[in-house]
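K.L.:
Predicted structure and sequence below. I'll ask about it afterward.
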Amino acid sequence: MPSLSHDHLELESSSHVPETYRWPPSHRHDYPTTSTANIPVVDISLPEAASLIDSACRSWGVFYVTSHGIPSHLLQAAETQTHRLFSLPLHRKLLASRRPGSISGFGRPPLSAFFPKLMWSEGFTLAGNPLNEVASTLWPEPDHDHDSRSHFCELMDDYKKSMRDLARKLLRLTLASIGGHGDGEERVGWLGLKDQMIEALQLNSYPPCPEPEKAIGMATHTDSGFLTILHQSGNMEGLQVLQPNDGSDPIQWVPIRPMAGALVVHVGDLLQILSNGRFKSVRHRAVVSRSEHRVSMAYFYGPPSDVKVGPMVLPGQCPIYRPTTWPEYLEIRARLFDGSLESIKISHT
Ligand SMILES: C=C1C[C@]23C[C@H]1CC[C@H]2[C@@]12CCC[C@@](C)(C(=O)O1)[C@H]2[C@@H]3C(=O)O
Ligand SMILES: O=C(O)CCC(=O)C(=O)O
Ligand SMILES: [Fe+2]
């Protein structure tokens, strides 16, 4: 059995929150939350979907999407598979740990490096390399295990495929309102490179926590791609977004409760860049609960790895960010985290 020493804990069986998981008050749930704020809901079957998305991305950087076309049985089945994965014994999951330099695998996501305390969650990233490779580590044996493995792979593949179609549809709708007139497709060549768009699936598990107010499930961050589509398990609160404000109002966290039939869409940093700051990437976090085991599945969507994303502007307008590729931007984030967007601003003085 591999060593369990490196920060991993059987969270579920803990009767208290160990010191390494106790967050200082400034990071905790102490900020007021409000439930009165109206998070936009966009029905993408409506003719005015593009303008609804434009206003949602400008004001909040997050919205619920409905009429998304993803069958509820697929969402349900993917959720079930996610629960199955996380219910494997810890030593088995650790065999699938993320290797240095790789994106895929079990373990703490990159943002964890920027916080002094550990997050009350487990995560599993599926990106790039064939699913089967990772899955055969989790379910190594033939016979019974083999079925589990192929079941998991088939579902995750289906899930990614549906998310890919939806992400593409959403991205096209956002392009309608940035960088001026004409067909988005004609204006951004890379949208034609359909099969080279980068995607990653992040499965998150938040076990019940004996002292939820002392811990954090996922620390405050923005996502870095164009768009993230999030499915969260039904009826459980956890996701919160920071209400955008100009600094004069007090900080407000707004819960994004699961809404039947809807998925949650986040604007990421690269879409803020592409839109020249018209759209705002949303700061968000996940809090944990005393009694419920919540899971979420986040699908990240971004440009092909060698494409430099710069602001789409009309002639005569000033780009405020310099172009960058997603991999380059991830490196910047690995150094500067919250300061990343600011660091690629072009100074016009
Ligand atoms: C393709 C991606 C997107 C990543 C990095 C890489 C794989 C894992 C993703 C996350 C998942 C958890 C939050 C985040 C902030 C993190 O630390 O890892 C995400 C990050 C990003 O949005 O930048
Ligand atoms: O679990 C959640 O609701 C949030 C997850 C998240 O922000 C992420 O995976 O990037
Ligand atoms: Fe996120």
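P.N.:
Structure received. In this text, all values refer to a predicted model and were calculated from it rather than measured experimentally. Ligands and ions are numbered 1, 2, ... in the order given.

K.L.:
Could you list the residues of the stretch 151-300 of the chain in contact with ligand 1?
P.N.:
Selection of the stretch 151-300 of the chain residues close to ligand 1 by CB under 6 Å from any ligand atom yields 200, 202, 221, 223, 224, 225, 300. Where you see a C-beta, it was placed from the backbone N, CA and C, and this is true even at glycine.

K.L.:
my read: the last one touches residue 197, true?
P.N.:
No. If you go by CB atoms under 8 Å, residue 300 and residue 197 don't touch, sitting 10.6 Å apart.

K.L.:
These two: which has the busier surroundings?
P.N.:
Taking neighbours as other CB atoms under 10 Å, residue 300 and residue 197 compare with residue 300 leading, 24 against 21.

K.L.:
That one belongs to a strand?
P.N.:
Yes. Assessed by DSSP: H, G, I helix; E, B strand; the rest coil, residue 300 belongs to a strand.

K.L.:
Residue 288 - how many residues pack around it?
P.N.:
27.

K.L.:
Can you tell me how far it is from ligand 2?
P.N.:
10 Å (CB to the nearest ligand atom, to the nearest Å).

K.L.:
Spit out the contact partners of the residue lying closest to residue 252 once chain neighbours are set aside.
P.N.:
Using CB to CB, 6 or more residues apart in numbering and skipping residues adjacent in sequence, the residue nearest residue 252 is residue 243, 4.2 Å away. By CB atoms under 8 Å, 6 or more residues apart in numbering, the contact list for residue 243 reads 34, 37, 60, 251, 252, 253, 254.

K.L.:
Low-confidence ranges, the protein, go.
P.N.:
Across the chain, the ranges flagged by pLDDT under 70 are 1-9, 28-32, 36, 142-145, 180-186, 348-349.

K.L.:
residue nearest the centroid of it?
P.N.:
Taking CA atoms, centre = their mean as the criterion, residue 298 is the residue nearest the geometric centre of the chain, at 4.5 Å.

K.L.:
Identify the bridge partners of that one.
P.N.:
Residue 298 has these beta-bridge partners by DSSP bridges: residue 202, residue 230.

K.L.:
wait, doesn't it sit right on residue 232?
P.N.:
No. At 9.1 Å, residue 298 and residue 232 do not qualify as touching, with contact defined as CB under 8 Å.

K.L.:
quick one on the thing from earlier: how near is the residue nearest to residue 252 to ligand 1?
P.N.:
Residue 243 sits 20 Å away from ligand 1, going by CB to the nearest ligand atom.

K.L.:
Over to residue 192?
P.N.:
Residue 192 sits 22 Å away from ligand 1, taking CB to the nearest ligand atom as the criterion.

K.L.:
count of neighbours near that residue?
P.N.:
By other CB under 10 Å, neighbour count at residue 192 equals 9.

K.L.:
quick one, what contacts the residue lying closest to residue 275 once chain neighbours are set aside?
P.N.:
In space, and not counting its chain neighbours, residue 275 is closest to residue 178: 4.4 Å by CB to CB, 6+ apart. Contacts of residue 178 were listed using CB under 8 Å, 6+ apart, and they are 274, 275, 276, 278, 279, 312.

K.L.:
I figured the second one hits residue 54, correct?
P.N.:
No. The pair residue 275 and residue 54 does not pass the contact test of CB under 8 Å, sitting 9.4 Å apart.

K.L.:
returning to what we had before: I'd like the contacts of residue 243 as a markdown table, with secondary structure appended.
P.N.:
Listed next are these as a markdown table, based on three-state DSSP:
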| residue | secondary structure |
| --- | --- |
| 34 | coil |
| 37 | coil |
| 60 | coil |
| 251 | coil |
| 252 | coil |
| 253 | strand |
| 254 | strand |
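
K.L.:
contacting residues for residue 240?
P.N.:
For residue 240, the contact set (CB under 8 Å, 6+ apart) comprises 33, 253, 254, 255, 256, 284, 285, 286, 287.

K.L.:
so residue 204 sits in a strand?
P.N.:
Yes. Residue 204 sits within a strand when classified using three-state DSSP.
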